[in-house]
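Participant: the following comprises the amino acid sequence and a computationally predicted model.
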Amino acid sequence: MHAIVTTALLIILLPFVHIQPAAADEIEDAVQAYSRAEYSAAIDLARPLAEAGDSDAQYLMGIASLDGNGVSQSLVEAYMWFEMVVHYGNMRVEQLEQELLSLEGQLADAVLDRDDVASQLELNQLAEANERAYAWRPGKTP
């Protein structure tokens, strides 16, 4: 029962985690293999990713170690993999929080600067600037 719940959680949560495209395909394949009870194949796919620091793969290795699927059952190994996810995940969260704080400051400055410039524009100029801003897409000249 534990393996079914775990596999379901892996399948549900995986799309919400940002990972590199090649690694995303590999971990997806590993999760699919695990859900089909092809544990050796899942471990073969997940282990190199886990050792390279992929938290999804580390989590899968923890579950496999806990249940003894594809690897020897080991609470020590399971704990190690889960601790790596928690520890390095927390470090990544802290890094993202710093990036967010920086972005918040930049956004606040941009709002003030935008409003200052807007107060100096005629209505038709403001409309043109808004139209150009909302029509812009990455790689397209504003």
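Facilitator: That came through fine.

Participant: counting residues per helix, which one in this protein is longest?
Facilitator: Using DSSP state H to assign secondary structure, the helix with the most residues in the chain is helix 75-118.

Participant: what residue of this structure is the furthest out?
Facilitator: When distances are taken from the C-alpha mean of the chain, residue 122 lies farthest, 43.7 Å away, according to Cα atoms, centre = their mean.

Participant: what are the phi and psi values for that residue?
Facilitator: According to degrees, to the nearest 10, the main-chain angles of residue 122 amount to phi -80, psi 160.

Participant: give me the pLDDT value at it.
Facilitator: The predicted structure scores residue 122 at 94 on the pLDDT scale.

Participant: which stretches of this structure aren't confidently modelled?
Facilitator: Within the chain, the set of residues satisfying pLDDT under 70 comprises 1-23, 142.

Participant: let's go with 50 and repeat that
Facilitator: Applying pLDDT under 50 to the chain flags residues 9, 15-20.

Participant: centre of the chain to stretch 41-60, how far?
Facilitator: Stretch 41-60 has its average C-alpha position 15 Å from the chain's average C-alpha position, going by Cα atoms, centre = their mean, to the nearest Å.

Participant: quick check: end-to-end length of it?
Facilitator: 12 Å (Cα to Cα, to the nearest Å).

Participant: list the buried residues for it?
Facilitator: Taking 16 or more other Cβ atoms under 10 Å as the neighbour-count basis, stretch 41-60 is seen to contain the buried residues 41-43, 45-47, 49-50, 54-60. (Each C-beta comes from the backbone N, C-alpha and C, glycine too.)
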